[in-house]
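Undergrad: What follows is a predicted protein model with its sequence.
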Amino acid sequence: IAKRGIKIIDTTCPFVLNAQRIAKKISDEGYVTVIVGDANHPEVKALVDFVSGGSKVFVVKDKSQAKALKFRPGEKISVISQTTQSPDNFIDVVRAILDKRPKEARIFNTICRDAEERQALAKALAKEAGLMLIIGGRHSANTRRLFEVCRKISKKSYLIETERELNKSWLKTKQTVGITSGASTPDWVVKKVVDEINK
């Protein structure tokens, strides 16, 4: 692309770039890298690629997988996170790692502040609303995380991509509907859902 003189605009999220830099730096310093996230997610696959060749790297999705990890005596451990992870899950994994009493541990909270704030606000809203709608793509990690956070609080939480997926029966006895959306969900999609509810 550069040879063809095409202008490149890098819109990589700064939180993702930060996690990538950390993965490279700590593996260069001889730390075993533990990544908290979904092993099949492109962001996590990229983080694994940033770990220096020959360095040990593990991807764990939760504390049960973290508990199953085996470290050699004297190994230095580092923990980073997929940027869309829930803070609670990240802390649970960190605790499980620290329970193994590593010689040295470095913990980096690489969760995106926006994702963290959205999850906290969605949690608060789910406690008050009779019904919770999470709007966004089913393949979006941050949208799925919002859904998981809300579902733990209210079983009346539904993940929808568009207003066409609204089920009128969900609304029958509800006085309040809470709405949240994934970071990449366009405002116009949310507005269409709101308009459909108001009908």
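TA: Sure, I can see it.

Undergrad: only C-alpha atoms for contact and neighbour calcs from this point on.
TA: OK.

Undergrad: list the contacts for Phe90?
TA: 36, 62, 81 (C-alpha atoms under 8 Å, 6 or more residues apart in numbering).

Undergrad: That one - that's part of a helix, no?
TA: Yes - assessed by DSSP: H, G, I helix; E, B strand; the rest coil, Phe90 belongs to a helix.

Undergrad: Find the nearest non-adjacent residue to Leu125, please.
TA: The shortest distance from Leu125 to any non-neighbouring residue, by C-alpha to C-alpha, 6 or more residues apart in numbering, is to Gly178 (6.1 Å).

Undergrad: picking that back up, got the contacts of Phe90 as TSV, with neighbour count, secondary structure and pLDDT columns?
TA: Converted to TSV, these look like this (neighbours: other C-alpha atoms under 10 Å; DSSP: H, G, I helix; E, B strand; the rest coil; pLDDT from 0 to 100):
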residue	neighbour count	secondary structure	pLDDT
Val36	28	strand	97
Asp62	18	coil	94
Ser81	30	strand	95
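
Undergrad: I'd like to know which of these is nearest to Ala126.
TA: Checking those against Ala126 with C-alpha to C-alpha, the nearest one is Asp62 at 23.0 Å.

Undergrad: so the closest one touches Val93, yeah?
TA: Yes - if you go by C-alpha atoms under 8 Å, Asp62 and Val93 touch, sitting 5.9 Å apart.

Undergrad: joint contacts of these two?
TA: Shared contacts of Asp62 and Val93, counting by C-alpha under 8 Å, 6+ apart, come down to Val36.

Undergrad: gap between the residue nearest to Leu125 and Thr11?
TA: 31 Å (C-alpha to C-alpha, to the nearest Å).

Undergrad: neighbour-wise, which of those two wins?
TA: Gly178 (17 against 6; other C-alpha atoms under 10 Å).

Undergrad: check contacts around the more buried one.
TA: 125-126, 129-133.

Undergrad: which one among these gets closest to Val44?
TA: When those are compared against Val44 (criterion: C-alpha to C-alpha), the nearest one is Leu133, at 27.1 Å.

Undergrad: secondary structure class for that closest one?
TA: Leu133 ends up strand, using three-state DSSP.

Undergrad: what do you get for Ile197?
TA: On the basis of three-state DSSP, Ile197 is classed as helix.

Undergrad: same deal with Ile35?
TA: strand.

Undergrad: repeat for Ile22
TA: Using three-state DSSP, the three-state assignment for Ile22 comes out as helix.

Undergrad: Look up the pLDDT of it for me, please.
TA: Note for Ile22: predicted pLDDT of 96.
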